[in-house]
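# sequence first, predicted model second:
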Amino acid sequence: MYHHRSSHPAGDGGVVEVAFTDRHGGVSEGPFASLNLAVDGADDPAARAENLRRVLADFAPGDDLVDLRQVHGATVHVDDGSRGQAGARPEADGVVTGRAGAVLAVRAADCVPVLLADLETGVVGAAHAGRQGVLTGVVPATVVRMRELGAGPVTAWIGPHVCGACYEVPEQLQREVLAAVPQSRATTSWGTPALDLGAGVRAQLAAAPGGPVTVVDVSACTLESDHLYSHRRDSGRAGRIAGLVRRSPPRAGREAS
């Protein structure tokens, strides 16, 4: 069920938990087997709903899910405990919250999922950074929103995404991204222009407003791994993994600082 999962003590006595799923442990069939967490697509909606239920029941039973309709932009949603009209997903590619008991989720299948936390204040965030998201800076925008909620030192976990040796792009497109984030330069294993989105995100985190972010890289190449979904490899037959982050409430008998 998980490519990576870890827990970290928070300053208020709670725990920050982060996880990136893999494609195992669900009920989807065929090319989507088995833990497809996509919002939509050709997979059976009932199977997708059951997959999400299983993940949430295991990762954070009873917590609120705060997820997004991702649009490859730089908008960051600030969660305050309300989901708007009929619980509609906000159109955004970043999300932050200062409240315990909320699971923030982003989905990916080659793009870079990033989970963020200030382990002292318990402010957490998540971002989905594809090529356009790296170009427009959704990850540093998410850090800015976290700091507006009171975050200080931030740690970021970078999850599975397509690697620079596999992500071939036209030379003109490469030049466009490199003009904004030159650290994204890469060459495929067969010698053609490419982008390393993970390197671009790491560079943006190192230069984040308010101070550099500590990076924990738990990535793997989605295209190269059969345990992960890849849109570039499988196109419309690809499912989605998720990055999940939450802060649990403080332990009983301990007040938040």
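Thanks, I have it. Numbers count the residues shown, from 1 in each chain.
# for the stretch 51-200 of the chain, what spans make up the helices?
131-136, 138-148, 171-180, 197-206 (DSSP state H, counting those that start in this stretch).
# dump the last one to PDB, restricted to CA.
Spelled out, it's helix 197-206. Presented in PDB, the C-alpha positions along helix 197-206 are these (Å, rounded to 0.1, in the frame of the first residue of the first chain):
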ATOM      1  CA  LEU A 197      11.500  18.000 -12.200                       C
ATOM      2  CA  GLY A 198      12.700  16.600  -8.800                       C
ATOM      3  CA  ALA A 199      15.900  18.600  -9.100                       C
ATOM      4  CA  GLY A 200      13.900  21.700 -10.000                       C
ATOM      5  CA  VAL A 201      11.700  21.300  -6.900                       C
ATOM      6  CA  ARG A 202      14.800  20.700  -4.700                       C
ATOM      7  CA  ALA A 203      16.300  24.000  -6.000                       C
ATOM      8  CA  GLN A 204      13.100  25.900  -5.400                       C
ATOM      9  CA  LEU A 205      13.000  24.500  -1.800                       C
ATOM     10  CA  ALA A 206      16.600  25.600  -1.200                       C
END
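# quick check: buried residues in stretch 118-135?
Residues 118-119, 121-131, 133-135 are the ones in stretch 118-135 that count as buried (16 or more other CB atoms under 10 Å). The way it works is simple: take the backbone N, C-alpha and C, and place the C-beta from them, glycine included.
# which one of the helices of the stretch 51-200 of the chain lies closest to Asp58?
helix 138-148 (25.3 Å; CB to CB).
# before we move on, back to that, Thr75: which of the helices of the stretch 51-200 of the chain is closest?
helix 138-148 (7.9 Å).
# so for the closest one, mean pLDDT?
Mean pLDDT, computed over helix 138-148, is 98.
# contact partners for the nearest residue to Ser34 once chain neighbours are set aside?
Using CB to CB, 6 or more residues apart in numbering and skipping the chain neighbours, the partner closest in space to Ser34 is Gly26 (4.1 Å). Going by CB atoms under 8 Å, 6 or more residues apart in numbering, Gly26 touches Ala33, Ser34, Leu35, Asn36, Leu37, Ala47, Glu50, Asn51, Arg54.
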